[in-house]
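Student: Structure here, sequence nowhere to be found:
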Ligand SMILES: C=C(O[C@@H]1C=C(C(=O)O)C=C[C@H]1O)C(=O)O
């Protein structure tokens, strides 16, 4: 009997073996990568090939899932039946009070001239009886334009998400990235009106990315900034692209970008330090990145020349496709941890920043409730 795609995931999970299943933005095909043993591999120099799962703190090691077997399929992603058992666990107000205080401290650091921007976040605990594969199916049906994934390693845990943010895409020497920041709730409008606070915080991200890449990339192109919808939210997005040179390795490019001010802040190291000292929980893989690292793709191009044997020219493409791990959750037994944050600038209002994290938590809460 041949196993169907979802059974294959369930079997791998049941056998406590590592896997990742994912669908890229606006694509139909869901890919599945299986690793055949429980070994925890790490990325050493970014020349490896496999699926990378990297934490926020770039000083911690990034995990590499080996591609021992892979499958792909177009899944019929019908939503699973209604279930109203998933509610954020009761918060006595201490969670909100802590977050408001944290944002206040961030604003204070900015006004004191120590930081320009800092992204501050929190975790939200939710109870559920749904199984992870069911949740993954809900993600697929709700967020066709996001990078949707479920990732598992027995020594690390199980993570799920639907992120709108690409960190980096490389096809041989061609590079693409984006600056994504600024948030508003989607209320059915065709395009939102943006305030100065959002325009400025997103511009800081664009500036950081272009400054980080300008010595490493040729033909750097920066698009206009546009509104970009991600589920129940709007963001501001600028696309950035160019060509790398053979002297610059992927490792150098990734380290110069990650973590960008879309998820960390400016100056980068001071903002990271503030986050690690003040958030009082561990982000782990939230605001890290994940995706295909150095996937080889064979391309057959038929010869266009006449009077030549019907020969195909074979070239190998090297592709890397990485996404920032946002709108994600970690799954425990009967409990989920969701992660949400937002960019703080001198113009931030703590109450509005709290509300923004509540709006962002809807992305994952919707999949639990659908
Ligand atoms: C930090 C998050 O999102 C990031 C922060 C944003 C903001 O501050 O407006 C917008 C998009 C993301 O770059 C999150 O979703 O948790």
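Tutor: Looks like it arrived, so ask away. Just so you know, these numbers come straight off a predicted model, no measurement behind them.
Student: give the contact list for residue 197.
Tutor: Contact partners of residue 197, counting by CB atoms under 8 Å, 6 or more residues apart in numbering, are 345, 347-348. Heads up, the C-betas are built off the backbone N, CA and C, glycines and all.
Student: what's the helix or strand for it?
Tutor: Element membership of residue 197, judged by DSSP states H and E, is helix 196-213.
Student: Which positions in the lengthiest helix in the chain come out as buried?
Tutor: Across the chain, the longest stretch assigned as helix under DSSP state H is helix 350-369. Going by neighbour count (16 or more other CB atoms under 10 Å), the buried part of helix 350-369 is 350, 353-354, 356-357, 359-369.
Student: Which strands and helices lie in contact with it?
Tutor: Contacts defined by 3 or more CB pairs under 8 Å, 6 or more residues apart in numbering; DSSP states H and E place helix 350-369 against helix 94-111, strand 117-127, helix 132-142, strand 157-163, strand 174-185, strand 233-244, strand 335-344.
Student: ok, the second one near the ligand or not?
Tutor: Read that as strand 117-127. Yes. Against the ligand, strand 117-127 shows contacts by CB under 6 Å from any ligand atom at 119, 121.
Student: Tell me the gap between that strand and the middle of its chain.
Tutor: 15 Å (CA atoms, centre = their mean, to the nearest Å).
Student: One more: the fourth one?
Tutor: Average the C-alpha atoms of strand 157-163, do the same for its chain, and the two points are 9 Å apart (CA atoms, centre = their mean).
Student: and the residue nearest to residue 341 when sequence neighbours are not counted, how many neighbours does it have?
Tutor: Nearest non-adjacent residue to residue 341, counting by CB to CB, 6 or more residues apart in numbering: residue 121, 2.6 Å away. Neighbourhood size, residue 121 [other CB atoms under 10 Å]: 21.
Student: isn't residue 121 right up against residue 280?
Tutor: No. Using CB atoms under 8 Å, residue 121 makes no contact with residue 280, being 10.9 Å away.
Student: picking up where we left off before, quick one: contacts for the residue nearest to residue 341?
Tutor: So residue 121 contacts 275, 279, 283, 286-287, 339-342, 357 (CB under 8 Å, 6+ apart).
Student: can you redo those as a markdown table with pLDDT and distance to residue 177?
Tutor: What follows is the contacts of residue 121, written out as a markdown table (pLDDT from 0 to 100; distance: CB to CB, whole Å):
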| residue | pLDDT | distance to residue 177 |
| --- | --- | --- |
| 275 | 98 | 22 |
| 279 | 98 | 26 |
| 283 | 98 | 21 |
| 286 | 98 | 20 |
| 287 | 98 | 16 |
| 339 | 98 | 22 |
| 340 | 98 | 23 |
| 341 | 98 | 20 |
| 342 | 98 | 21 |
| 357 | 97 | 25 |
